[in-house]
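In: Got a sequence here, can you build the structure:
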Amino acid sequence: MKIEQIYTACMAEAAYYIESDGEAAIIDPLRETEPYLQRASDDAAELKYIFETHFHADFVSGHIDLARESGATIVFGPMASPEYEVHVAQDEELFQIGKITIKALHTPGHTMESTTYLLYDEDGKEHAIFTGDTLFLGDVGRPDLAVKSDLSKEDLAGLLFDSLRTTIMPLPDELIVYPGHGAGSSCGKSMSHDTVDTLGNQKATNYALREDMHKDEFIKELLTGMLPPPRYFPVNAQMNRTGYESYKSVIERGDHPLQIDTFKALMNDDDVLVLDCRHETEFGNGHIPGSRFIGLDGSFAMWVGVLIEDLKQKIVLVAPVGREIEALTRLSRVGLDQTVGFLESGFDTWTANGEVVEMQEHISAESYATYHRQGTIKTIDCRKPSEYDAQHVSDAMLLPVEDIFDDTDVLDKKQTYYVHCAGGYRSMSAISILKAKGYDNLVNVDGGFDAIVKTDIPVTSYVCPLTQKKQLA
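Out: From the prediction side, this is the model:
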């Protein structure tokens, strides 16, 4: 028996490859199929099943393409209703893979079709559970992402409480827990950085599995502090339910090096977004006017899903040379399938042609601290509310980058703002968006709050963000 966790850190997502005696299964694959097909090929194994724990909202699963290319059967749990051919398992239905067995355990709550898969080893002993978004390490899945559900998040939270206590918690403590996500995912609030644990340890440490917890207490604790889901989640969940264009077609459409004249013609189309995914420092030192920055060296897929308003918008890329296919792949993981090409030879082509280059004004954290001491300046902190609450510059205004499309009404286009995040990635994205909205007087603070906190600038803990916004308007 072989169990391999295939963890994609930039998305905090875990897929699983399971093999026994020449047969294999995949649980919750990402969009691209080749890594899974190659693993089965390396083991000379037939891919028999593709198990989906639920209709994912944070990424487009590769199950449809993988089934088409391998002949494997897609399996969803009870109550799933996809618009393509699958096997909808009954609760406690068994599936044989070589000498091991997998049992489908219906665990509704995160979504109605959410299912945990229990693996029995060659000796028939309960060995591991693949919990999807039902149970994380240190947390559980959010109950507000169900596709076309008439149940409230409180209703779903109650169902999740029941699933954990009637189906998960009675299982043996020595079971290995393989979750669907780790820290950094928006599918939960406080996931551990660990990606594998025992059920017994989770019973001892996970707040959601406290034996003395009542259902009302569970619901309140689960929903308190839960931020709205990222804007791309409903689109991805719907794509996973209804189907999508093949990954190969998406890559073929985007894999087009564009000559400068063709690129310029496309970028002048109001329906086309120029996405620059180089490093933030490179973008700051020179970029195409009006382009959007979201760096490839980061949680790229998650951020493009959040920071591109229309997932059906056409995109042309300015990418690091040699990493264009990587960018296309990571865009496709969150359903951004309409990339029509990339600037051939990257940004150097733009400058070599003598085109207008825009630079981003920036200062060091030390210089920012000096200006702050000398008088009143306006600061935008574009980190998450939890980061701001923990510690922030005393008079900074909170404007999370993920909310930047909706919360700019308090800004003055004539005012100069000093913008920072934790390290520089998000602030450069925020600036590129604000500039497109007509805010030109923006200064990026190099190194972000990580650098600011090392200066003598006054910092404080939580102050109501709404109050700060009104004070600085």
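In: Enumerate every residue touching residue 421.
Out: Applying CB atoms under 8 Å, 6 or more residues apart in numbering to residue 421 gives the contacts 381, 382, 383, 401, 427, 430, 448, 449. All C-beta atoms are positioned from the backbone trio N, CA, C, and that covers glycine.
In: three-state assignment of the residue nearest the centre of the chain?
Out: Centroid-nearest residue in the chain: residue 302, 3.6 Å away (criterion: CA atoms, centre = their mean). Under the three-state scheme (DSSP: H, G, I helix; E, B strand; the rest coil), residue 302 adopts helix.
In: separation between the closest residue to it other than its chain neighbours and residue 301?
Out: In space, and not counting its chain neighbours, residue 302 is closest to residue 11: 6.2 Å by CB to CB, 6 or more residues apart in numbering. In this view, residue 11 and residue 301 are 5 Å apart by CB to CB, to the nearest Å.
In: So, low pLDDT: which residues of the chain?
Out: Scanning the chain for pLDDT under 70 picks out the ranges 147-149, 462-473.
In: Look up phi and psi at the residue of it positioned farthest from its centre.
Out: Here the chain reaches farthest from its C-alpha mean at residue 374, the gap being 40.2 Å by CA atoms, centre = their mean. Per-residue torsions, residue 374: phi -80, psi -20 (degrees, to the nearest 10).
In: distance of it from residue 356?
Out: For residue 374 relative to residue 356 (CB to CB), the value is 34 Å.
In: still on that earlier bit, next, count neighbours for the residue nearest to residue 302.
Out: Each residue near residue 11 was counted by other CB atoms under 10 Å, and the total is 22.
In: Give the helix, strand or coil label for the closest residue to residue 146 other than its chain neighbours.
Out: Spatially, and ignoring its direct neighbours in sequence, residue 146 is nearest to residue 111 (4.4 Å; CB to CB, 6+ apart). The three-state label for residue 111, taken from three-state DSSP, comes out as coil.
In: Now do the same contact list for the nearest residue to residue 102 once chain neighbours are set aside.
Out: Closest residue in space to residue 102, ignoring its immediate chain neighbours: residue 95 at 4.7 Å, by CB to CB, 6+ apart. Shown in contact with residue 95 (CB under 8 Å, 6+ apart): 25, 49, 51, 75, 89, 101, 102, 103, 104.
In: try it again with 7 Å
Out: Residue 95 is in contact with 49, 75, 101, 102, counting by CB atoms under 7 Å, 6 or more residues apart in numbering.
In: cool, and residue 372?
Out: Taking CB under 7 Å, 6+ apart, one finds residue 457 in contact with residue 372.
In: returning to what we had before: and the helix or strand containing the residue nearest to residue 102, which strands flank it?
Out: Per DSSP states H and E: residue 95 is located in strand 94-97. In the sheet, strand 94-97 lines up against strand 100-106 (antiparallel) (DSSP bridges).
In: what residues does the partner strand touch?
Out: 1, 20, 77-78, 89, 91-95, 115-122, 167.
In: Kindly report the domain assignment for the chain.
Out: By the record's domain assignment, the chain is partitioned as 2-234, 245-352, 362-472 (automatic domain parsing).
In: The residue nearest to residue 302 contacts residue 60, correct?
Out: No - at 11.0 Å, residue 11 does not count as touching residue 60 under the criterion of CB atoms under 7 Å.
In: could you pull out the strands for the stretch 1-150 of the chain?
Out: Assigned by DSSP state E, counting those that start in this stretch, the stretch 1-150 of the chain shows strands spanning 2-8, 13-20, 23-27, 46-51, 73-76, 87-88, 94-97, 100-106, 115-120, 126-132.
In: Let me have the ones you listed in CSV, extended by distance to residue 392.
Out: What follows is the strands of the stretch 1-150 of the chain, written out as CSV (distance: least, CB to CB, whole Å):
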stretch, distance to residue 392
strand 2-8, 31
strand 13-20, 30
strand 23-27, 40
strand 46-51, 43
strand 73-76, 44
strand 87-88, 49
strand 94-97, 51
strand 100-106, 44
strand 115-120, 39
strand 126-132, 35
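In: Could I get the full set of helices for the stretch 51-200 of the chain?
Out: 63-70, 153-163, 199-205 (DSSP state H, counting those that start in this stretch).
In: Pull the residues that contact the longest one.
Out: Outside of helix 153-163, the residues that reach it under the criterion CB under 7 Å, 6+ apart are 107-110, 134, 140, 143-144, 146, 215, 218-219, 222-223.
In: Pull out the buried residues from these.
Out: The neighbour-count test (16 or more other CB atoms under 10 Å) marks 107, 108, 109, 110, 134, 140, 143, 144, 146, 218, 219, 222 as buried among the contacts of helix 153-163.
In: any idea how far the closest residue to the first one other than its chain neighbours lies from residue 440?
Out: Counting by CB to CB, 6+ apart, residue 107 lies nearest to residue 163, which is 3.9 Å off, once chain neighbours are set aside. When distances are taken as CB to CB, residue 163 and residue 440 turn out to be 52 Å apart.
In: Can you tell me which of the contacts of residue 421 is closest to residue 395?
Out: The shortest approach to residue 395 among those belongs to residue 381, at 10.2 Å (CB to CB).
In: Could I get the phi/psi values of that closest one?
Out: Torsion angles, degrees, to the nearest 10, at residue 381: phi -100, psi 110.
In: Residue 428 too?
Out: Dihedral angles for residue 428 - degrees, to the nearest 10 - are phi -70, psi -40.
In: Residue 280 is in contact with that one, correct?
Out: Yes - using CB under 7 Å, residue 428 makes contact with residue 280 at a distance of 4.1 Å.
In: What is the neighbour count of residue 83?
Out: 8.
In: surely it meets residue 244?
Out: No - contact status for residue 83 versus residue 244: not in contact, 10.7 Å apart, counting by CB under 7 Å.
In: Now do the strands in the stretch 251-400 of the chain.
Out: For the stretch 251-400 of the chain, the strands defined by DSSP E, counting those that start in this stretch occupy 257-258, 272-276, 292-293, 314-318, 339-343, 362-363, 378-381, 392-393, 397-398.
In: mind checking which of the ones you listed is nearest residue 35?
Out: In terms of CB to CB, the element of these nearest to residue 35 is strand 339-343, at 20.9 Å.
In: what's the spacing between that closest one and its chain's center?
Out: 23 Å (CA atoms, centre = their mean, to the nearest Å).
In: Ignoring the adjacent residues along the chain, who's closest to residue 278?
Out: Closest to residue 278 by CB to CB, 6+ apart is residue 320, at 5.5 Å.
In: check contacts around that neighbour.
Out: So residue 320 contacts 278, 296, 346 (CB under 7 Å, 6+ apart).
In: hang on, residue 275 packs against residue 317?
Out: Yes - contact criterion CB under 7 Å: residue 275 and residue 317 qualify, at 5.6 Å.
In: Neighbour count for the two, which is higher?
Out: residue 317 (28 against 25).
In: Please name the bridge partners of the closest residue to that one other than its chain neighbours.
Out: For residue 317, ignoring the flanking residues on the chain, the nearest one in space by CB to CB, 6+ apart is residue 342 at 3.9 Å. Assessed by DSSP bridges, residue 342 has beta-bridge partners residue 257, residue 317.
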